[in-house]
Structure formats: C-alpha cells, structure tokens
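A.B. asks: Test case, fold it:
(2 chains)
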Amino acid sequence: MKIKSSFGDRVFDVLNITLMLIICFVTLYPVWYIIVYSFNEGKDAMLGGIYFWPRKFTLDNYRTVFSNSDITTAFMVTVARTVLTTTLHVFFTAMVAYAFMRKELMGRKIYMAMGTITLFFGGGLIPYFLLIKSLGLYNTFWVYVIPGMFNFYNLIIFQAFFRELPVELEESAKIDGANDFLIFARIILPLSTPVLATIALFVGVYNWNDYFMGVIFINNPKLQPIQTFLYKVIAQVTSNQMLANAPGGIATRNVTSQSLKMATMVITTMPIVCVYPFLQKYFVKGLLIGAIKG
Amino acid sequence: MESAISNGRHSGRQKSFMKFKKSFRKFLHRLNEQKYLQAMAIPGVIWMIIFCYIPMYGIIIAFKEYDITLGFNRSPWVGLANFQEFFSDERFWLIMKNTIGISFFKLLVGFPLPILFAVLLNELASVRFKRTVQTISYLPHFISWVVLGGILMNWLSETGLINIVLTKIGILKQPITFLAEPRYFWGIAVISEVWKELGWNAIIYLAAIAGIDPELYEAATVDGAGRFTKMFRITIPCISGTIAIMFILAVSGLMNSNFDQIFVLRNPLNADASDVIDIYVYRMGIEAFRFSYATAIGLFKSVIALILLFVANGVTKKLTEKSLF
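C.D. replies: Sure thing, here's the model as predicted:
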C-alpha cells in the first residue's frame, strides 16, 4: 500500500540517497587509491596528482614484490595458517558446542560456567606469552593453529543455531544406532552450513588479518605471516631492503618504497576481498541468528 | 572395615557406603552411555584449562617478582609492589587519560552512528540499492589494521593526500605531519575506527529492524503517521533492547582502545597521545621483559573493565529493564 509521498518525503529521500552515495565513495575510495597507486610507476606517483586512474601504468611494483622470496613465503604461511586454523576451529568448536548443549551431558553446567568466565576474564598478554613459551609453541607454525582452535563466544553462536534444528532427526538416528559423534557429523553439521560459513568467515578473516602473533611469537622470518611482513614494510624496516634486493634495473628505474608498500597492501587484501562476496549471503544469515538468539 | 561389618552400630555407615557404591556404579553406567558425548566435550574443557585458565593462574606473577629460572610458583612474593610502582609511574595518568579518552570518543561518535546509519538505510526504498550500500559498508571491516595503517600513514604524511586537499581548498597554509603530533592522534584513531566499523556495527541493528512487525508500520500509516514519526516512535523504540545490550558491551570495553589499531599508528613522536594501557603492557612486558610489572598493569586493567561491565549492566537494567545478566 503506497501512499502518495509528500514534498518533505521526497526531499528526505534525495538527501538520504546522497548521503549513502557519499558513504559508499568514502568507503571505497581508499581501497581504490591503493590499487591505482600500486599500478602506477613509483617515481611518477611521487609527483602527486594521482587520484582516480594510474597515469603511467606499470606492473613493475608487483614484479618487484613477487621477486622477494620473503613475501611469497609469508603469503604461503598465511594461506596455510588461515586454511588449517579455520577448518580446525570450525569443526572443533562446533563439536564441543554440540556436546555442551546436550542435556544429558554430565558436568554440563560446570563446563558452560567455565566457558562463560572466559568471556569476561582472562590472564592478559604476559601470562599468555609465558604459557606459549613454556608449551614450546614459540617460534613454531603451531602457535597459529592450536591456540586458535576454540573460542567460547563462537560456541554460543553455534549453540543458538543448533537449538533451532529439529530434535526428531537426532532421535531417529539414535534409534538407528548412531552414536553421538555420528549424529553430530552426519546430521548436525550438514544442516548447519550458514553458521559454519559465518564462523569460518570470522575466524578466517581474523587469521588472515592478524599480524600481532607474528610480531610477538615468531622470530623466524620464514614463519611470519604476510600481515607481519607488511607491518615491517610499512614501518620502513623492510621496504628499503626490498628495493635493494630487487632484480636489476626495475628498482632504480621507477619503483619506490611507497609504490612497493601499495602493491604489498593490495596483495595482502585481495584474497579477502575476493572471497567475501561469496560468503556474504551466508554470514548475514548466520549473523542474524547470533544477533537475535545469542 | 571388618569391624564396621561385624559391629551393629556401624551399619548406618555401611548402608551409606553401599549407597555410594550404587550411585558410583550408576555414574559409571551413565558415563559409559555418554562416552562419545564426553569424548566430544572434554577436549574443549582441556583446551579452556590450558589456554584460558592457566594464564589466569599466571596472574599471580603480578604479586611476585617473576624470575624465568624459578617459574610461576617459586618466584618470590612482593605483595602489591608492582601495583604501587604503576600508580606512582610518571606515565600512569597519561596512560589512563589516553586509554579512557580514546575509548570515550570512540563511544561518543562510534556508538550512535551505526544506529543512525541502520535507520537511514532502512528508509531506502530500493532494495537493490540498500543491499549494495550495505555490502560496500561492510568491506572495511575485512581490511586489516596494517593495511589501513599503511593508507593512513601515506595520506597523513606531509606530502599526502589529506595535506594536498586541505591546502588546495585553503584550510591549511602549511602541510602538517599529522601522525607526528600528539594532538591529532585521538581524532585520527576515532575517525579511522568509525570508517572501518560503521557498516559492520550496523548489521546487528539492521537485524533488529528486520525483526519489527510490519503491521506496526501499517497501523501507524493508517493513523496518519509520517515518516519521521514512524522512525522515532516505532523503529527506534523497537530496537532499544539491542541498543541497550550493545551499549553495555561498549562501556565494558572502555579500557580496550583497540590494540591492533594503535600499535600500527603509534610512533615515538605521538607517544604522549598513543600510549594506552595495552600498548604499555606490551612495551613493559614483551619489549622490556618486565613480566611481573606488565602483568600487574594488565590485571589492573581487567579489574577496572570487569567493574565497568557490572556498573554498565546495572545502570542499563535500571533505566531500560534490559541487561546482559
């Protein structure tokens, strides 16, 4: 039922749409800017005046970045870390969430209380750092994986979703003689795609974007994630070195530390930007469940 | 045990022993019945003990002078000395001011804007345009603080975009190296945080708005309510529960000024405005190896945060009858 809109309404609509367009521009422009800059010759870009389109298009920045073996290693570390940790996190946390939810589980109240406390209180950075060291995880790849396998907040989101699933399915499976693990793996998980995708996206993004673990727990450059590498590039520690090590000719011609930074930033961000539209339809659905029921 | 059986006086104890044995057997039986379930649950419990509860136990070093060679348990106790040192530290007030100041302005600006954005987004007639705006607005949430920090350093430098634009339109006469001056740091932190999280933080309000019964709007339209009346009398009151919960969470996070962001943007020149508690803990603990001192500072922060959580929860409960617990 559409009622004829008044003049005031139309003014509001125009203003609202304009505002939204401005928000979209302000959001996208910084991203666009680094892309444009990264495809422009570095020395030329230093002169300024590049806003919307590359003036002297080149792939030299990318060539220089990819010829650096540290960055390719860091990229692979990040891919491995993200894939492994995300997969383990999703299945492990979902499994524990399912078990913690079943009413007959002995010790359920204690388990849940233990988890709830972790939401509000923790040991803080230093005791955690000392723990990681004493577990022997310091300077190993596993520091990304094992401590990242579980999170109680995500457990709550899983439970909110599992509660909505029909109980009859579990019951009939039990009558057929399936054990609890089989029920979880064969019935609960396949029905939980939206929430699995949501949590996978959260955990995946966290792991992809995290640089801090690489700063405090990793000494070995072969194990640092790409964001830590980028952090060092931005903090000027590495970019000049990258320039010095670049294959002959290119670097001196037109690549600058600034244009290298831009190219590194684009490489760092692209995988997420590419994956996210595909997961979006899942996470909005999954997030709503968390928001309303959680 | 033998005398207990032969002596009549102890038959009570014997009975209770039998009872215990029976219930223990029952317990074992139940445990056996749910062995798969327990096998799924216990690894989670073990993970929590190791990665959450051992660090909590590790807090005791805040009251000790931690010595790596002696470990948690054998390091000597020093009572509250670490806390006293922090409170009399010349940077104590500066750090408190920065931590609370940055968070306060993030709350002041960053809390209402996503609500406003969600309400305005809801007023868009075209579903397609609404979706597009939404999708674009989430994007920065997925960009890391390192990348964003890189953009900001570039734009805010003396020859950066912001200076070029501001001098062109005549607001600035001389370019400013923004990140080298403490007085701009809070503003940069607040604006960049809002830019990054505006769309993302709006999701939850959009979800709440989507849950409002459309009949309410129809009834209001029939009664002759205009657009603004509907916005202020239906939309906002209907999402007030969500707003209250988000507010409690935001207030309890007042002691967190987003480590990732500030770690990237800070430098020695802006340290007087960018040293917040978390950064200080990092500097004292990881960089200077003063484990006990840093743990004490971290614990101080956790305690304040916990108090804030309870206060915010209590106040919100009184005012809106909505609360976390």
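
A.B. asks: residue in the stretch 101-250 of chain B nearest to chain A?
C.D. replies: B:Ser144 (3.6 Å; CB to the nearest CB). Every C-beta, even on glycine, is put in place using the N, C-alpha and C of the backbone.

A.B. asks: gap between that residue and A:Cys274?
C.D. replies: According to CB to CB, to the nearest Å, B:Ser144 and A:Cys274 sit 15 Å apart.

A.B. asks: residue closest to the middle of chain A?
C.D. replies: Against the mean C-alpha coordinate of chain A, by CA atoms, centre = their mean, the closest residue is A:Val205 at 0.5 Å.

A.B. asks: so who does that residue touch?
C.D. replies: A:Val205 makes contact with A:272, B:142 under the criterion CB atoms under 8 Å, 6 or more residues apart in numbering or on different chains.

A.B. asks: Quick one: name whatever helix or strand follows the helix or strand that contains it.
C.D. replies: Assessed by DSSP states H and E, A:Val205 sits inside helix A:193-209. Going down the chain from helix A:193-209, the next helix or strand is helix A:212-216, by DSSP H and E.

A.B. asks: re earlier: local confidence estimate at the residue nearest to the centre of chain A?
C.D. replies: pLDDT for A:Val205: 92.

A.B. asks: count of residues packed around B:Phe104?
C.D. replies: Residue neighbour count, defined by other CB atoms under 10 Å in any protein chain shown, stands at 15 for B:Phe104.

A.B. asks: Surely B:Ile234 and B:Pro214 touch.
C.D. replies: No. Between B:Ile234 and B:Pro214 there is no contact under CB atoms under 8 Å: 10.3 Å.

A.B. asks: which of the two has more neighbours?
C.D. replies: A count of neighbours by other CB under 10 Å puts B:Ile234 above the other of B:Ile234 and B:Pro214, at 18 against 7.

A.B. asks: wait, what's in contact with A:Phe91?
C.D. replies: A:Phe91 makes contacts with A:Leu189, as judged by CB under 8 Å, 6+ apart.

A.B. asks: mind running it again at 7 Å?
C.D. replies: Under the criterion of CB atoms under 7 Å, 6 or more residues apart in numbering or on different chains, A:Phe91 has no neighbours.

A.B. asks: Could you do the one 4 residues further on as well?
C.D. replies: Under the criterion of CB under 7 Å, 6+ apart, the contact list for A:Met95 reads A:184, B:40.

A.B. asks: quick one: secondary structure of B:Gly79?
C.D. replies: At B:Gly79, secondary structure determined by DSSP: H, G, I helix; E, B strand; the rest coil is coil.

A.B. asks: Not counting its neighbours along the chain, what's nearest it?
C.D. replies: By the measure of CB to CB, 6 or more residues apart in numbering or on different chains, the closest residue to B:Gly79 outside its immediate chain neighbours is B:Phe63, 6.3 Å from it.

A.B. asks: Now that that neighbour has come up, it's in contact with B:Trp77, right?
C.D. replies: Yes. Counting by CB atoms under 7 Å, B:Trp77 is a contact partner of B:Phe63 at 6.1 Å.

A.B. asks: Please say which of those two ends up with more neighbours.
C.D. replies: Of the pair B:Phe63 and B:Trp77, B:Phe63 is the one with more neighbours under other CB under 10 Å, namely 19 against 9.

A.B. asks: which residues sit in contact with the more buried one?
C.D. replies: Taking CB under 7 Å, 6+ apart as the test, what B:Phe63 contacts is B:77-79.

A.B. asks: And the spatially most central residue of chain B, how close does it get to B:Ile307?
C.D. replies: In chain B, the C-alpha nearest the mean C-alpha coordinate belongs to B:Gly253, at 4.6 Å (CA atoms, centre = their mean). B:Gly253 sits 13 Å away from B:Ile307, going by CB to CB.

A.B. asks: now swap in A:Tyr51 and tell me
C.D. replies: 49 Å.

A.B. asks: now B:Gly211
C.D. replies: Distance of B:Gly211 to B:Ile307, given as CB to CB: 33 Å.

A.B. asks: Over to B:Met56?
C.D. replies: Taking CB to CB, one finds B:Met56 at 17 Å from B:Ile307.

A.B. asks: Mind checking which of those two has more residues around it?
C.D. replies: In this view B:Met56 and B:Ile307 are compared by other CB under 10 Å, and B:Met56 has more residues nearby, 18 against 12.

A.B. asks: Touching, the more buried one and A:Gly123? I think so.
C.D. replies: Yes. Here B:Met56 lies in contact with A:Gly123, judged by CB under 7 Å, at a distance of 4.7 Å.

A.B. asks: what angle do the one helix or strand A:Val90 maps to and helix A:193-209 make?
C.D. replies: Assigned by DSSP H and E, A:Val90 belongs to helix A:69-101. When axes from the mean of the first three to the mean of the last three CA atoms, to 10 degrees is applied, the directions of helix A:69-101 and helix A:193-209 differ by 140 degrees.

A.B. asks: mind listing what's buried in the very next helix or strand once past helix A:69-101?
C.D. replies: From helix A:69-101 onward toward the C-terminus, using DSSP H and E, the following helix or strand is helix A:108-120. For helix A:108-120, the neighbour count (16 or more other CB atoms under 10 Å in any protein chain shown) marks A:108, A:111-112, A:114-115, A:118 as buried.

A.B. asks: so when I look at A:Ile126, I'm seeing a strand, right?
C.D. replies: No. Assessed with three-state DSSP, A:Ile126 is helix; it does not lie in a strand.

A.B. asks: what about it, how many residues close to it?
C.D. replies: For A:Ile126, the count of nearby residues is 30 (other CB under 10 Å).

A.B. asks: who's in contact with it?
C.D. replies: A:Ile126 sits in contact with B:281, B:285, B:291, B:294-295, B:298, where contact means CB under 7 Å, 6+ apart.

A.B. asks: which one of the residues you listed is nearest chain A?
C.D. replies: The closest of those, once distances to chain A are taken by CB to the nearest CB, is B:Gly298, at 3.3 Å.

A.B. asks: Got phi/psi on A:Tyr138?
C.D. replies: phi -60, psi 130 (degrees, to the nearest 10).

A.B. asks: Quick check, pLDDT for it.
C.D. replies: 96.

A.B. asks: B:Asn313 too?
C.D. replies: On the pLDDT scale, B:Asn313 is placed at 87.

A.B. asks: Could you do B:Ile143 as well?
C.D. replies: At B:Ile143, pLDDT is 93.

A.B. asks: Could you give the number of residues near it?
C.D. replies: Neighbours of B:Ile143 using other CB under 10 Å come to 21.

A.B. asks: For B:Ser137, see how far away it is.
C.D. replies: 13 Å.

A.B. asks: list the contacts for B:Gln34?
C.D. replies: B:Gln34 touches A:104-106, counting by CB under 7 Å, 6+ apart.
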